[in-house]
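Novice: build me a model from this:
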Amino acid sequence: MNGLLQDVRYGLRQLRLAPGFASIAVLTLALGIGATTAMFSLVYGALFRSLPYPRSKELVSVGVLAPIIDGEFLFAGSYLGWRNQQVPFSSFTSSTGVNDCDLTDDRPSRVTCASVESTFLPTFDIQPIFGRNFTTEEDRPNAPRVALLSYGLWQSRFGGDRNVIDRTVSLDGRETQIIGVLPVHFEYPTLAHVGLVVPQALDESMVQRHELGTVVRVYGRMKPGMEIATAAAQLQPLFRNFVDSAPPPFRKLLRLQVRSIRDLQIHDSRLSAWLLLFSALAVLLILPSAAFALGLGDIRLLSSLNAPLDAEIELVDVTPEELNSLQAQIASLIRESYRARSSGKWKWPMDGVITQGFGCTSYPFEPYDPTCPSHHFHSGIDLATDYGTPVHASDGGIVHNFTMGCGWGGGLCGYGRYVVMVHAGGFTTLYGHLSSWAVGDGVQVDKDTVIGYEGSTGNSTGAHTHFEVRIENSPVDPMQMLPDLAPQPGTPIPSVPH
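Specialist: Next up is the predicted model:
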């Protein structure tokens with residue numbers, strides 16, 4: 001203890017002898033800690049925060065992807081049909097979304113209203129802290145208007161008065177009865193701010209009239225033990241009926257999507273959140289060195305710290321550093337190989353044409369490799385066919401979805417949106433440039449399961465799928481693993497039924 005006290009006294013004396021350095025060091029550390037804390041608060045919700053729903057892993061968002069509408073959706077008429085015929089969900093519900101609405105009584109104000117089905121709160125296992133949910137009869141066209149208050153609106157507008165239940169307010173000019181107050185931690189699945197929850201009042205007779213109806217967002221609670229991939233497979237007959245009812249030009253563009261509520265909330269930002277967190281830790285480690293450099297009056301260290309930022313602002317191709325990042329990423333996933341269910345018999349991921357083979361290439365966008373005569377190396381094969389063609393798992397394994405951002409600090413951009421599958425025996429496969437994913441992250445699927453759809457994301461000159469096979473993280477020629485080898489680039493792949 002005496003030695004420690006002596007060290008502390010000595011350090012304080014040294015700082016007193018160099019007050020400029022001491023001030024800069026303390027300020028820099030304070031800024032670093034503050035920045036790190038702020039960044040961690042941003043990524044906490046995406047990576048670590050528990051969802052405020054009981055058994056949240058059972059909850060998914062369900063719908064069809066189409067270019068005309070952002071995110072998965074169903075038309076109300078289709079939803080009502082799916083609700084009656086679906087199998088994988090113990091509860092199935094919908095919402096027409098969150099929109100502005102106006103309280104028009106003695107204190108007019110604009111708030112937000114979530115229009116939901118009467119089964120919405122029960123599906124998410126949410127109970128009002130007092131009052132009740134609305135009934136099926138109240139969730140019909142022309143029924144008397146009712147609403148539930150958010151906890152925040154109850155406190156701010158009604159002062160937390162418990163006698164608010166059964167009070168009538170004017171909402172968008174209509175008399176509306178308050179029947180309940182939501183919990184303080186109530187959260188709409190898309191994280192949209194909600195002031196009131198009201199019945200969406202779908203007209204169920206539209207099914208008999210074969211009308212499409214409005215767009216709805218659909219949510220389900222999977223039956224115990226059900227996996228997302230299995231739920232998606234069981235919805236395929238309903239999805240095919242939806243496709244058959246669509247205009248022919250749009251049918252190829254439609255995709256079924258079933259994903260967890262967490263994936264719905266964070267979209268493609270999981271990788272970005274991790275990068276932001278690591279950047280925050282790097283700032284905390286680097287800034288003391290920068291403070292030391294400033295204290296010595298030498299700004300050259302700060303210049304060197306800024307150099308990578310200036311050098312990588314431009315859009316870059318796949319660099320050795322980015323490949324090292326991918327290698328590390330795959331190395332961490334290979335650990336799952338022991339629990340992957342694989343057959344060891346490989347299959348083509350899709351039909352199409354091989355537009356580029358494996359090995360050394362003169363194409364300048366491929367990664368630099370000094371061992372190649374042309375100084376570039378292509379670590380897989382490129383398969384091209386129509387945009388949006390389903391991409392299948394070459395063998396059974398565990399799916400991981402990633403997005404490569406472009407620009408400084410964004411990691412890889414070459415493969416765009418891609419899937420890495422972990423197979424038994426230390427094998428991994430990579431499917432790059434996808435337009436979208438088909439299954440959730442971390443899901444175990446069988447061979448030939450649709451895992452994504454051909455696209456042109458990332459560093460791509462047209463619609464195709466980059467396909468890699470790796471053994472213990474080292475790329476090998478996929479042609480050695482696949483049946484019915486096509487000998488040269490440009491040769492059509494033998495048609496394999498999927």
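Novice: worst-scoring helix or strand of the chain, pLDDT-wise?
Specialist: Using mean pLDDT, DSSP states H and E, helix 300-311 stands out as the lowest-scoring helix or strand of the chain, at a mean of 34.
Novice: give the helix, strand or coil label for residue 209.
Specialist: coil (DSSP: H, G, I helix; E, B strand; the rest coil).
Novice: which pLDDT value belongs to it?
Specialist: We have a pLDDT of 74 for residue 209.
Novice: and if you look at residue 238?
Specialist: 95.
Novice: now the helices for the chain?
Specialist: Taking DSSP state H, the helices of the chain run over residues 2-17, 19-47, 76-85, 120-123, 151-158, 228-234, 236-245, 248-251, 261-266, 270-295, 300-311, 320-334.
Novice: which stretch in these has the least confidence?
Specialist: Note on these: lowest mean pLDDT is at helix 300-311, with a mean of 34.
Novice: could you find the closest non-adjacent residue to residue 165?
Specialist: If the residues on either side of it in the chain are set aside, residue 165 comes closest to residue 131, at 4.8 Å by CB to CB, 6 or more residues apart in numbering. C-beta coordinates here come from the backbone N, C-alpha and C atoms, glycine included.
Novice: how close does the one you found sit to residue 343?
Specialist: Separation of residue 131 from residue 343 (CB to CB, to the nearest Å) stands at 55 Å.
Novice: okay, those two: which has more neighbours?
Specialist: residue 131 (18 against 13; other CB atoms under 10 Å).
Novice: any idea how this structure splits into domains?
Specialist: Annotated domains of the chain cover 2-49+279-311, 56-266, 320-480 [automatic domain parsing].
Novice: hey, which of these is tucked in deepest?
Specialist: Of the domains of the chain, the one with the most neighbours on average (mean count of other CB atoms under 10 Å) is domain 320-480, at a mean of 19.
Novice: centre of the chain to it, how far?
Specialist: 19 Å (CA atoms, centre = their mean, to the nearest Å).
Novice: check stretch 58-68 too.
Specialist: 12 Å.
Novice: can you give me the mean pLDDT across it?
Specialist: pLDDT averaged over stretch 58-68 gives 91.
Novice: list the contacts of it.
Specialist: Contacts with stretch 58-68, where a contact means CB atoms under 8 Å, 6 or more residues apart in numbering, come from 51, 53, 71-74, 92, 123-124, 189, 217-224, 226, 228, 231, 235, 239, 242, 250, 253-261, 263-264, 436.
Novice: same thing with stretch 199-214?
Specialist: 75-81, 94-96, 115-118, 134, 138-143, 145-146, 216.
Novice: shaky segments in the stretch 301-450 of the chain?
Specialist: 301-324, 364-365, 405-413 (pLDDT under 70).
Novice: let's see it at 80
Specialist: Confidence mapping of the stretch 301-450 of the chain against pLDDT under 80 gives the ranges 301-338, 344, 362-370, 375, 404-414, 425.
Novice: returning to what we had before: filter the contacts of stretch 199-214 down to just the ones in strands.
Specialist: Assigned to strands by DSSP state E, the following of those qualify: 75, 94, 95, 96, 115, 116, 145, 146, 216.
Novice: closest to residue 88 among these?
Specialist: residue 94 (16.1 Å; CB to CB).
Novice: bridging residues for that closest one?
Specialist: residue 218 (DSSP bridges).
Novice: kindly report the same for residue 116.
Specialist: Beta-bridge partners, per DSSP bridges, of residue 116: residue 95, residue 199.
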